[in-house]
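Asker: Take a look and give me a structure for this.
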Amino acid sequence: GLRSLLYSNHIDPNKVMCKYEINGGVCNDDTCHWQHFRELSMGDDEILVELAENEGTTEEEKEEYCIGLRNTIMELKEKGIKDFATVAQGIAAYRRKFFGDETRVVKLQPPPPPHSNLTDPMNIPTHDFPNAKR
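Answerer: Below you'll find the model as predicted:
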């Protein structure tokens, strides 16, 4: 669903995951500058804001999208609907209808470039390991 890290996350594709957490541990080092699993998930409010993001291409289309989205949210509020799943479904239905594309629910980020350091998960700079043999 929308809460899945696959669609809704704070993953930085240019930042390495913590080696301790990748190996099943929990990092308690306050000075660790790598990504940690506890930092990756998004709150429900953040997901709804991202889901509602305006992807219009012209100023007119952006304005029309905002008006329709505002009306959709007002209708949900008038019905007393506040739960995440139903609000998310309402926003997603509006996006699909507005853009005329049944597959357009979430804005997916493009994959990292093929020559990124992240294509090889073991390509970790050795300067991050003070005792690493060079």
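Asker: Any chance of the backbone angles for Met17?
Answerer: phi -80, psi 150 (degrees, to the nearest 10).
Asker: show me the residues around it that make contact.
Answerer: Residues counted as contacts of Met17 (CB atoms under 8 Å, 6 or more residues apart in numbering) are Trp34, Gln35, His36, Phe37. (C-beta placed from N, C-alpha, C; glycine too.)
Asker: Can you give me every residue that contacts the closest residue to the third one other than its chain neighbours?
Answerer: Yep, that's His36 we're talking about. Nearest in space to His36, with sequence neighbours left out and distances taken as CB to CB, 6 or more residues apart in numbering, is Cys18 at 5.2 Å. Neighbouring residues of Cys18 by CB under 8 Å, 6+ apart: Cys27, Cys32, Trp34, Gln35, His36.
Asker: Name the member of these with the most neighbours.
Answerer: Of all the contacts of Cys18, Gln35 has the most neighbours under the rule other CB atoms under 10 Å, reaching 20 neighbours.
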